[in-house]
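A.B. asks: test case, fold it:
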Amino acid sequence: MDDMICKYCKDTVTRLITSISGVSCVNVNVPERTVNVTYDSRITDAHVIRMTLLEAGYKNVREPMNAF
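C.D. replies: The predicted model follows:
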């Protein structure tokens, strides 16, 4: 996510993703601008996570997203 640049972004992204049912772990790395998400694919999917971030204003949400 190219537009994730500060601690506020990290906290916001973490809060948004952890609020999704089925998500068990979120690891945000601001310097690398990456987000790793562990979730139950029987409950949610990468599309829901991606749409949550897009709706919050994060525009450059790239794949891949893997289910664990």
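A.B. asks: what residues of the lengthiest helix in the chain count as buried?
C.D. replies: Identified as the longest helix of the chain according to DSSP state H is helix 7-18. By neighbour count on 16 or more other Cβ atoms under 10 Å, the buried set for helix 7-18 is 9, 10, 12, 13, 16, 17. Using the backbone N, CA and C atoms, a C-beta is placed for each residue, glycine as well.
A.B. asks: and for the spatially closest residue to the third one that is not a sequence neighbour, the neighbour number?
C.D. replies: The shortest distance from residue 12 to any residue that is not its chain neighbour, by Cβ to Cβ, 6 or more residues apart in numbering, is 7.0 Å, and that residue is residue 56. Around residue 56 there are 13 other residues, counting by other Cβ atoms under 10 Å.
A.B. asks: per-residue confidence for residue 56?
C.D. replies: With respect to pLDDT, residue 56 has a value of 91.
A.B. asks: next one: phi and psi at it?
C.D. replies: phi -80, psi 0 (degrees, to the nearest 10).
A.B. asks: pretty sure it sits against residue 14.
C.D. replies: No - contact between residue 56 and residue 14 fails when scored by Cβ atoms under 8 Å: they sit 11.8 Å apart.
A.B. asks: the helix or strand containing residue 27 to helix 7-18, inter-axis angle?
C.D. replies: Counting by DSSP states H and E, the element that carries residue 27 is strand 23-29. For strand 23-29 against helix 7-18, the angle by axes from the mean of the first three to the mean of the last three Cα atoms, to 10 degrees is 160 degrees.
A.B. asks: now the helix or strand just after strand 23-29, how far from the chain's geometric center?
C.D. replies: Sequence-wise, the next helix or strand downstream of strand 23-29 (DSSP H and E) is strand 34-39. Centroid separation for strand 34-39 versus its chain: 6 Å, with Cα atoms, centre = their mean, to the nearest Å.
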